[in-house]
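Student: Quick one, structure for this:
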Amino acid sequence: MQPAPLYKRIIAYLIDLAIVSFIITSPFNSLLSSLIPTNFSEFYTALTSMFSVKVMIISLILRIFAILYWSILEFKIQQTLGSLIMGISVMPLTKKYNFSQALLRNITKFSLILLLLDSIFIFKSDRNQRLTERLSQTMMI
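Tutor: Residues are numbered from 1 along each chain as shown. Okay, here's the model as predicted:
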């Protein structure tokens, strides 16, 4: 099997990111907008209060939901909506594909910095695998 081309992976990720933003983030928009300060004195007060804790908790919840989006879809059907549109899918390099493999291959999507560091390994791989894909024994085809 041929590894999925890098451009298809990037487009699939961007499609999934748009879907995650729309489906997961949208319900929190009103809550987030009520937390955002409108002037400097409110901003200062917010920084010295529980504001930052609330934002961190909401951010953590959103990131967990996003990782679950990728992990559950890839575990159940070996594709996210973006990869389905782009015609690529996850292939386990082991006999059976389990949820822990799906979770491991997507865990760096928790942070853009971690994802970028993880993705650097694509350029050192003959199968276009990220580090977490190597560790989870999976690849995109």
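Student: Go through this protein and flag its longest helix.
Tutor: helix 51-77 (DSSP state H).
Student: helices or strands up against that helix?
Tutor: For helix 51-77, the helices and strands in contact under the criterion 3 or more Cβ pairs under 8 Å, 6 or more residues apart in numbering; DSSP states H and E are helix 6-20, helix 29-35, helix 99-106. For glycine as for every other residue, the C-beta is placed from the backbone atoms N, C-alpha and C.
Student: Name the helix or strand of this structure that has the lowest mean pLDDT.
Tutor: In the chain, the helix or strand scored least confidently by mean pLDDT, DSSP states H and E is helix 40-47, which has a mean of 61.
Student: quick revisit: could you dump the helices and strands packed on helix 51-77 to JSON lines with distance to residue 69?
Tutor: Output for the helices and strands packed on helix 51-77, formatted as JSON lines (distance: least, Cβ to Cβ, whole Å):
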{"stretch": "helix 6-20", "distance to residue 69": "6"}
{"stretch": "helix 29-35", "distance to residue 69": "18"}
{"stretch": "helix 99-106", "distance to residue 69": "9"}
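Student: comparing these, which gets the lowest mean pLDDT score?
Tutor: The minimum mean pLDDT among the helices and strands packed on helix 51-77 belongs to helix 29-35 (a mean of 65).
Student: doesn't residue 139 fall inside a strand?
Tutor: Yes: counting by DSSP: H, G, I helix; E, B strand; the rest coil, residue 139 is part of a strand.
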